[in-house]
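Chemist: Show me the folded form of this:
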Amino acid sequence: MDAQKGKKKGESGNEYFLVEGVVYEIDPLEETEGKASEVQLVVYQEKEIYVAFYTAKTGAYNFYLPVGHDYLIWYGGSSYVNKKVEIEGTKFPTSEKPQKVQMDIALFRPIEGYEFPMLDEPFVKVVYHTDDELIGPDMKYTDERVDLLGKQVKKIQKEVEKKKKQEKS
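Modeler: Numbering: from 1, shown residues only. Prediction:
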């Protein structure tokens, strides 16, 4: 038993946080959505690969990460346009039970001839909110990223529709 922490050695708890969620696959042109199957996730801890794995066939995933480190999670692998989530774990407090980060992500397959430069940066930044003592996304940042991606998708939808009309003429 570790006298300072009141825990048995090797027992998980307050020095970890839980990341869990579901990965969805969307088709921005057809505007459809479903659960993605076996999507690759790569977790970097301070810019070094920490762990890489695939989600379940249902798109669900969960894993624990140690508090006290910063992380970057890449969702998608080679099959999707990747989205990145940055987690500022160095600022997370320890707690009686591990805090949970709920992270549902929607991915889409590459669209030939189109780029998504706004996804070169993290799509979501997870931070510790001192006012309510919870871990969660920086919503101002995330809303800005969602708006940028939405504008690009609308532009692509218009261009694809215009090409379809020209092909029919």
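Chemist: Grab the most central residue of the chain for me.
Modeler: Val85 (4.3 Å; Cα atoms, centre = their mean).
Chemist: That one: what's it in contact with?
Modeler: Residues near Val85 by Cβ atoms under 8 Å, 6 or more residues apart in numbering: Leu72, Ile73, Tyr75, Met103, Ile105, Pro122, Phe123, Val124, Lys125, Val126. For glycine as for every other residue, the C-beta is placed from the backbone atoms N, C-alpha and C.
Chemist: Out of the residues you listed, which comes closest to Glu33?
Modeler: Set against Glu33, the nearest of the contacts of Val85 by Cβ to Cβ is Ile105 (11.9 Å).
Chemist: Tell me the bridge partners for the closest one.
Modeler: With DSSP bridges as the criterion, Ile105 is bridged to Val23.
Chemist: Go through the contacts of Val85 and name the one nearest Gly59.
Modeler: Distance to Gly59 across the contacts of Val85 (Cβ to Cβ) is lowest for Ile105, with 9.0 Å.
Chemist: Tell me how far that closest one lies from Gly77.
Modeler: Remark: distance between Ile105 and Gly77 (Cβ to Cβ, to the nearest Å) = 13 Å.
Chemist: got any ranges where this protein has weak pLDDT?
Modeler: Counting by pLDDT under 70, the chain contains low-confidence ranges at 1-14.
Chemist: show me where it has strands.
Modeler: Secondary structure of the chain (DSSP state E): strands located at 16-27, 32-35, 40-45, 48-54, 60-66, 70-75, 83-88, 99-102, 105-107, 124-129, 134-137.
Chemist: Select, out of those strands, the one closest to Ser169.
Modeler: So among the strands of the chain, strand 16-27 is nearest, using Cβ to Cβ, at 25.3 Å.
Chemist: Pull out the buried residues from that closest one.
Modeler: Judged by neighbour count using 16 or more other Cβ atoms under 10 Å, the buried positions of strand 16-27 are Tyr16, Phe17, Leu18, Val19, Gly21, Val22, Val23, Tyr24, Glu25, Ile26.
Chemist: Show residues contacting that strand.
Modeler: Contacts to strand 16-27, defined as Cβ under 8 Å, 6+ apart, come from residues 32-36, 39, 55, 58-67, 73, 75, 80, 87, 89, 92, 98-109, 135.
Chemist: Nice, that's everything, thank you.
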